[in-house]
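**Student:** would you be able to build a 3D model of this:
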Amino acid sequence: MKQISTFGSSSYRISDLQLLRNADDDAAIARLLANCPIMSLQAGGAVTESSRARLYILLRGALSVATDTRTGMADGTVSKILPGESVGEQSVLDEEANLSSITALEDSEVLVVEADVVWQLIDESNVLARNLLRLLSFRIRAANAQLRRRQKLGEFYRQLSMIDGLTGLYNRAWLNDLLPTMVATAHGSAAPLALIMIDLDHFKQFNDTHGHLAGDEALRSAAQVLSGALRPTDFAVRYGGEEMMVLLPDTSDKVAFSVAERLCERMRQAKVFGGERAGDMRKELPHITASFGVSVLRPQQTEHDLIEAADAALYRAKEAGRNQVAA
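**Tutor:** Numbering: from 1, shown residues only. Modelled structure (predicted):
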């Protein structure tokens, strides 16, 4: 970047500068800007000493401005500056280093205004102060809008990370995150909380006989049974492998047992199709069944106690011959 002129000796006018358009006293402003250097910048070149508290006003060409992520305060956003627009206003106002990286997208000419000159211009022209406020307000609003979009995107990905990709049910990470809160809420309100532990019967044998694709279809089918039979306030989780879980807030032991029996019956009726060894993805495979263990939160119990109680009940259902419910 090299100096090619000063503003006073150039053909540029004050009206070319957005921050100074409609200024009250062009003569006073022209006097203050007269010795400010105009620097030329070749395409791809960077503004040197851009970290200083200076105002840079683009007169010709186009600039790329990227916020610096090294501080942890900026987000690496890249914006394009067009003729008449400026960068560095905030660094001048708060007398801090400019954290932007400024690069020319094409051959450009830039007016460089030192911080003390900017303050003199503000004293001379109310228009500059008003334009600065409008510009900073616009940028704050744009930054807030972008932050909201990123927060929504972050929440979307967080929620996505809580979903099991195969079955569409919540996963173990979701359970670890939410179950302690559900248990604390139940204890605090003295409301019942029921848990049903589910294990697909002879799933390894089903996989070995019909193939892993058929096993995946069986898991999806089982998940659809759970999702289709629960209330909006209930939650279905893939606990791991062929084990699934249902959480029933505000549900007594009798109602929870009845829900488990209904799920057990629907599981018997669920159809599974296809598999790499079936030769036809439309071919119906043998029905799957599942064993169910029911537990209800007791006073002083933790989430681990609740799961262990359901797991013990599930073991009893298996010992009794599977394809049934135990509590």
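**Student:** alpha carbons only for contacts and neighbour counts from here, please
**Tutor:** Will do.
**Student:** can you give me the strands in the stretch 51-200 of the chain?
**Tutor:** 54-60, 63-67, 78-81, 86-87, 100-104, 108-114, 193-200 (DSSP state E, counting those that start in this stretch).
**Student:** for these, give me a markdown table that also has mean neighbour count, mean pLDDT and distance to S295.
**Tutor:** Below are the strands of the stretch 51-200 of the chain laid out as a markdown table (neighbours: other CA atoms under 10 Å; pLDDT from 0 to 100; distance: least, CA to CA, whole Å):
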| stretch | mean neighbour count | mean pLDDT | distance to S295 |
| --- | --- | --- | --- |
| strand 54-60 | 23 | 91 | 68 |
| strand 63-67 | 21 | 83 | 54 |
| strand 78-81 | 15 | 82 | 54 |
| strand 86-87 | 20 | 88 | 63 |
| strand 100-104 | 22 | 84 | 58 |
| strand 108-114 | 23 | 93 | 72 |
| strand 193-200 | 26 | 96 | 5 |
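**Student:** redo the ones you listed as a markdown table? Include distance to Y170.
**Tutor:** Putting the strands of the stretch 51-200 of the chain into a markdown table (distance: least, CA to CA, whole Å) gives the following:
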| stretch | distance to Y170 |
| --- | --- |
| strand 54-60 | 52 |
| strand 63-67 | 38 |
| strand 78-81 | 37 |
| strand 86-87 | 47 |
| strand 100-104 | 42 |
| strand 108-114 | 54 |
| strand 193-200 | 14 |
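**Student:** nearest to L153, out of those?
**Tutor:** Nearest of these to L153, taken as CA to CA: strand 78-81 at 18.7 Å.
**Student:** for that closest one, enumerate the helices and strands it packs against.
**Tutor:** Judged by 3 or more CA pairs under 8 Å, 6 or more residues apart in numbering; DSSP states H and E, strand 78-81 is in contact with strand 63-67.
**Student:** of the strands of the stretch 51-200 of the chain, which is nearest N35?
**Tutor:** Using CA to CA, the nearest of the strands of the stretch 51-200 of the chain to N35 is strand 108-114, at 9.3 Å.
**Student:** so in that sheet, which strands flank the closest one, and in what orientation?
**Tutor:** Using DSSP bridges, the strands paired with strand 108-114 are strand 37-41 (antiparallel), strand 54-60 (antiparallel).
**Student:** identify the residues contacting the last one?
**Tutor:** Meaning strand 54-60. 12, 16-17, 81-89, 91-92, 98, 107-115, 118 (CA atoms under 8 Å, 6 or more residues apart in numbering).
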